[in-house]
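Asks: heads up, no residue letters with this:
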């Protein structure tokens, strides 16, 4: 058993198939049968599963696993590495799409990389997973679309009570954005027409370069896919990447496409992990790993997903025309939101100003308001983000929605109450204090311009907060 696993790993750590190589066949496409092929199953698939060269079905399945993990195409790539799974779990999980039969689609994808016979073996192997370890979802699009549906902005606002006369902590705390239907369409698993989807375009460069530390952490995770080993693997990648690779557009690094692909690759690993091992629990692990918590003030298991969206933001703001990401504005809003719904701003660098700007660029006014308020009540102690959320509210909430005064009144009252009951938790020092004061002064200016009948009350409240921060 261990020998077989090591063989898989040795190949896995070489390369992987590229998503750009995936074809989109029609249901009527059918390959010519190879010599010595015996027809076997099934009547329900447009492309029959076949046994090649007199192999039994079980032998074909075993051969398919070997092909999936070990066989290299003309680029030296194996399928396994893009899918970040040693058994093809995601291929079987996200099943039919656009009326293309499952077996047909799997065959044509494999055929881009291996022989006809081996493509049939892979098809038989992936199909076998749906009889054993995978319950197919019959969709490549519905990965984490809350409620499996997209609603209008008005429907969303009504569902969470944004039309209420005022807001309360209990109301906002009860919002579960993994379940609430929202107006934004979140990324699907695979879509060959765009790079917004979750499946990476290619293997990450750290493994293609045979980085020994990354390879060892990856092997450890695959051999024992525990929460702790995922966190260790994620940390190894983040610690190995340079500042520029994590934050392209700065530090002399501008390869936005490579950075984005790296974060997509690790995000796909995270999403498969929580679907497979955590009963779809999309959010922080909240476990103690190697001396510190997996999710804390500046770290989260959701980091790769948030970073993918932030890299698109950086591409918009810092990239030259030649280096910018395709669909970067759509990537920015959807991936930042996909990361946020599992974190809610519990990690301080999930900044509301970035996600608010992204959502407002798509005119999601009510969703933006909800994200800002939900972030505020989840902020960790002693961070500038608490005050930056107020600035985001002042800047991005539109008076035309009728909610400007209510949102700002709730947020300012929340901070005042926090300062009165637990002052030390609101203290910021050094640059964070300086930037917090800048945030509050900017928000005050917006209140003076935008507020309605509650203007004087709001000004008094924000002045009280500014005085408190000044005294820190």
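Replies: Sure, I can see it. Bear in mind that the values here come from a model prediction, so they are computed numbers and not experimental data. Numbers count the residues shown, from 1 in each chain.
Asks: pretty sure residue 453 contacts residue 405?
Replies: Yes - shown here, residue 453 and residue 405 form a contact pair, counting by Cβ atoms under 8 Å, at 7.0 Å. All C-beta spots, glycine's among them, are computed from the backbone N, C-alpha and C.
Asks: and those two? Which one has more around it.
Replies: Comparing residue 453 with residue 405 by neighbour count (other Cβ atoms under 10 Å), the higher total belongs to residue 405, at 20 against 7.
Asks: and the more buried one, how far is that from residue 168?
Replies: From residue 405 over to residue 168 the distance is 15 Å, taken as Cβ to Cβ, to the nearest Å.
Asks: also residue 255?
Replies: Distance, residue 255 to residue 168, using Cβ to Cβ: 46 Å.
Asks: same thing with residue 351?
Replies: In this structure, residue 351 and residue 168 are separated by 25 Å, where distance is defined by Cβ to Cβ.
Asks: who's more crowded, those two?
Replies: Taking neighbours as other Cβ under 10 Å, residue 351 and residue 168 compare with residue 351 leading, 20 against 13.
Asks: these two touch, right, that one and residue 388?
Replies: Yes - the pair residue 351 and residue 388 passes the contact test of Cβ under 8 Å, sitting 6.4 Å apart.
Asks: what about the stretch 301-450 of the chain, any weak spots by pLDDT?
Replies: Of all residues in the stretch 301-450 of the chain, those with pLDDT under 70 make up the ranges 319-322.
Asks: one more time with 80, if that's ok
Replies: Across the stretch 301-450 of the chain, residues meeting the criterion (pLDDT under 80) sit at 319-323.
Asks: which residues of it fall in helices?
Replies: 303-318, 328-340, 352-361, 365-378, 385-396, 404-421, 430-450 (DSSP state H, counting those that start in this stretch).
Asks: residue 188: which of those is closest?
Replies: helix 328-340 (10.1 Å; Cβ to Cβ).
Asks: residues touching the residue most central in space within the chain, list them.
Replies: The structure's the chain has its C-alpha centroid closest to residue 305; by Cα atoms, centre = their mean the separation is 3.4 Å. Shown in contact with residue 305 (Cβ atoms under 8 Å, 6 or more residues apart in numbering): 263, 267, 270, 335, 338-339, 342.
Asks: now with 6 Å?
Replies: Taking Cβ atoms under 6 Å, 6 or more residues apart in numbering, we find residue 305 in contact with 267, 338-339.
Asks: let me have those residues in CSV, adding neighbour count as columns.
Replies: Putting these into CSV (neighbours: other Cβ atoms under 10 Å) gives the following:
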residue, neighbour count
267, 26
338, 24
339, 25
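Asks: mind putting these into TSV with distance to residue 373?
Replies: Formatted as TSV, the entries for these read as follows, by distance: Cβ to Cβ, whole Å:
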residue	distance to residue 373
267	26
338	19
339	18
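Asks: ok, those residues vs residue 297, which is closest?
Replies: When these are compared for distance to residue 297, the smallest value, 16.2 Å, is given by residue 339; criterion: Cβ to Cβ.
Asks: so residue 140 is in contact with residue 192, correct?
Replies: No - applying Cβ atoms under 6 Å, one finds residue 140 not in contact with residue 192, separated by 10.2 Å.
Asks: can I get the helices of the stretch 301-450 of the chain in a markdown table with distance to residue 135?
Replies: Converted to a markdown table, these look like this (distance: least, Cβ to Cβ, whole Å):
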| stretch | distance to residue 135 |
| --- | --- |
| helix 303-318 | 24 |
| helix 328-340 | 23 |
| helix 352-361 | 33 |
| helix 365-378 | 31 |
| helix 385-396 | 39 |
| helix 404-421 | 41 |
| helix 430-450 | 47 |
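Asks: of all those helices, which lies closest to residue 113?
Replies: Of all these, it is helix 303-318 that lies closest to residue 113, at 25.6 Å by Cβ to Cβ.
Asks: what's the angle between the closest one and helix 352-361?
Replies: On the basis of axes from the mean of the first three to the mean of the last three Cα atoms, to 10 degrees, helix 303-318 is oriented at 70 degrees to helix 352-361.
Asks: hey, where'd the helices end up in the stretch 1-150 of the chain?
Replies: With helices called from DSSP H, counting those that start in this stretch, the stretch 1-150 of the chain shows them at 2-12, 57-70, 79-83, 89-93, 102-111, 116-129.
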